[in-house]
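*Asks:* Everything below, folded, please.
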Amino acid sequence: MGDVVQMHFSTLDYVIFAILLVASTGIGLYHAFSGGRQRTTQEFLLADRSMSCLPVSLSLLATFQSAVAILGAPSEVYAHGTQYWFLGCSYFLGLLIPAHIFIPVFYRLRLSSAYEYLELRFNKTVRICGTATFIFQMVIYMGVVLYAPALALNAVTGLDLWGAVIALGLVCTLYTTLGGLKAVIWTDVFQTIVMFAGQLAVIIVGTHQAGGITEVWRKAQKGNRISGLDLNPDPLERHTFWTLGVGGIFLMLALYGVNQAQVQRYLSSRTEKEAVMSCYVVFPCQQIVLTMGCLMGLVMYARYGEDSPLDKGYVKTNDQMVLYFVMDVLRDLPGLPGLFVACLFSGALSTISSAFNSLATVTMEDLIKPYFPAMKESRATLLSKGLALGFGLVCLAMAYIASLMGSVLQAALSIFGMVGGPLLGLFCLGMFFPWANSTGALVGLLAGLLMAFWIGIGSFVTRLSNTDSLPVVNTTTIPSLDNTTIATMMTIINSTASRPTGVQALYSLSYMWYSAHNSTTVVLVGLLVSLLTGPMKEKELTPGTVYPVLGNLLFFLPERYREKLCCTTSLEDKSQALDQQPYQMAQKEGNGVSYPQDEEKCHGEEAVVVQETAM
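*Replies:* Reported below is the predicted structural model:
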């Protein structure tokens, strides 16, 4: 293996890259010194619930489309073919379910943090456990998202590694801390446009150099890179229609249904209708992004064939291959490599800024405000900004830890996906099963996390031991799923290896099924424990916290049976009950602390917000 081949940026490339950082900072500064100037927690954390559909949807897309996705999808298609494209089939239900189930419930309860829901539905302990799980998930992931593109960039272009990491981390921290969620959303819009432009430039130039799209397709077919519909139901197969199209739905739900970074964007919308519409707008955009990633992989194959830069030793890992290809294709076109690198770092910026803002929100709303109910609004806002800044510095520290991890970097990335499934299961348990109680929720979450880490770590150890006994194969493929990235710990099974049995089969489960498996574990264990410890009755539930999915499915049963199953009240009835006679914690004071309605402490300013969000 030779040394990694390095190419270098022209002055114009550096200028374009710098413009991205300056423009992102400028948007943050603009929102810091205009409008309400981020003086309230409502404005800083929820953009004053004033955002329209288009910027929210582009921000949802940008959060999903991280640097890991931009580097990973083309590498996956180059190495394994276009089967990965069938992930697009999961987007339909993966966005339709959040739009019509999760968004109405969260929006009508007037939440700031998704984990407030867990207290309304169960109790404070469940809320704190959910919040702690989310913080653990995001803190680990942030450093990796920041470090991975900087490492690839350094390896291929020689651009200073820690210079890139620190510049990116500080710019992101600056505009998130100063401009709040409004700045995050508008920089996401700008960064989404840069991402599209960068990928499009590479595809167009690469296709032209390969001799046109017909030639690209011919070479891909000749190299067996155009995959048909694989209906193999085996859950151990890494990518089939079922693993991608069905398993992918659970990954999408973990991301678009209950992830605080996305829920916060829904809650920042002016109306519930605009929040729902933003989900619909994301759908075609995601299909375009996925298709562009697959196209770039095919263009890479048309250029290199089986003789990959990785095999030649020009790069050390698959995630560096895309950048090598970009620098190779665009070397005679000054400015375009800079545009693609700007595109890559736009993905990183959008993901990290969303993480900062959502972490500041859950820490403030779930861990601080409930214990300091008398805190002044100005102090709460200042503390929120301090938290965003603090998480920014933690992110830089995590990037440094990621640099020391080596191969453990893959384990760190996988933790993100392992935690997403159990959290999805916890919300589904509360929302769809009225008889689930708080004991069931806690035991279910614990069981889901234990199962996730058992399978995840077992799979990782098995894969490491297999690489010693098997012939050398390409085990560095990193397909990508943004905030639910767990691809990095899948088991790569040599085609000649025998089918695993027993516990080994569990370790060999396709990474696309992790979220489904872990969320199902939470629901089943949670229901069993709830039934053993005394299920909840409908009158004990906070109105509006349960989506009547069973009531809709079992419409043919007599009402007395449906009443026993806690599924007679519709969501609309419950939301009206919440408006007319709020139950216990459903009303909130100006600083976000819940209290019983009979104390009648609703301030004038908060009443206006409530009136707006109820529209």
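*Asks:* list the buried ones in the helix or strand hosting residue 400?
*Replies:* Here residue 400, judged by DSSP states H and E, is contained in helix 377-405. Of the residues in helix 377-405, 380-381, 383-385, 387-392, 394-396, 398-399, 402-403 count as buried by neighbour count, 16 or more other CB atoms under 10 Å. No exception for glycine: its C-beta is placed from N, CA and C like everyone else's.
*Asks:* The stretch 251-400 of the chain: strands as residue ranges?
*Replies:* With DSSP state E, counting those that start in this stretch, there are no strands along the stretch 251-400 of the chain.
*Asks:* residues near residue 520, how many?
*Replies:* Residues lying near residue 520 (other CB atoms under 10 Å) number 18.
*Asks:* typo on my end, residue 231
*Replies:* Around residue 231 there are 8 residues (other CB under 10 Å).
*Asks:* helix/strand/coil for it?
*Replies:* At residue 231, secondary structure determined by DSSP: H, G, I helix; E, B strand; the rest coil is coil.
*Asks:* Outline the domain layout of the protein.
*Replies:* 47-405, 542-572 (the TED database).
*Asks:* hey, which of those is tucked in deepest?
*Replies:* Sort these by mean neighbour count, taking mean count of other CB atoms under 10 Å, and domain 47-405 sits at the top with a mean of 22.
*Asks:* now whatever helix or strand residue 179 lives in and helix 377-405, what's the angle there?
*Replies:* In the assignment (DSSP H and E), residue 179 maps to helix 161-210. If you take axes from the mean of the first three to the mean of the last three CA atoms, to 10 degrees, helix 161-210 sits at 70 degrees to helix 377-405.
*Asks:* Quick one: low-confidence residue ranges for the protein.
*Replies:* Where the chain drops to pLDDT under 70, the residues are 1-6, 35-38, 64-65, 68, 405-417, 466-502, 551, 555, 561-615.
*Asks:* Please enumerate the strands of the stretch 1-150 of the chain.
*Replies:* For the stretch 1-150 of the chain, applying DSSP E, counting those that start in this stretch gives no strands.
*Asks:* That one: helices as residue ranges?
*Replies:* Ranges of helices within the stretch 1-150 of the chain are 11-32, 41-46, 53-64, 67-80, 88-97, 103-108, 116-121, 124-157, based on DSSP state H, counting those that start in this stretch.
*Asks:* and residue 356, which of the ones you listed is closest to it?
*Replies:* Residue 356 sits nearest to helix 124-157 of all these, at 7.9 Å, using CB to CB.
*Asks:* about what we covered before: quick one: closest of the domains of the chain to residue 535.
*Replies:* Closest among those, using CB to CB: domain 542-572, at 8.3 Å.
*Asks:* Can you tell me how far the closest residue to residue 363 other than its chain neighbours is from residue 177?
*Replies:* Nearest non-adjacent residue to residue 363, counting by CB to CB, 6 or more residues apart in numbering: residue 387, 5.2 Å away. Applying CB to CB, to the nearest Å, the value for residue 387 to residue 177 is 9 Å.
*Asks:* now residue 380
*Replies:* When residue 380 is compared with residue 177 (using CB to CB), they lie 15 Å apart.
*Asks:* check contacts around residue 366.
*Replies:* Residue 366 sits next to 113, 115-116, 127-128, 131 when contact means CB atoms under 8 Å, 6 or more residues apart in numbering.
*Asks:* same thing but at 10 Å, please
*Replies:* Contact partners of residue 366, counting by CB atoms under 10 Å, 6 or more residues apart in numbering, are 112-116, 118-119, 124, 127-128, 130-132, 134-135, 260, 592.
*Asks:* and what of residue 84?
*Replies:* Applying CB under 10 Å, 6+ apart, the residues near residue 84 are 72-74, 76-77, 227, 238-239, 244, 290, 293-294, 297, 479-480, 487.
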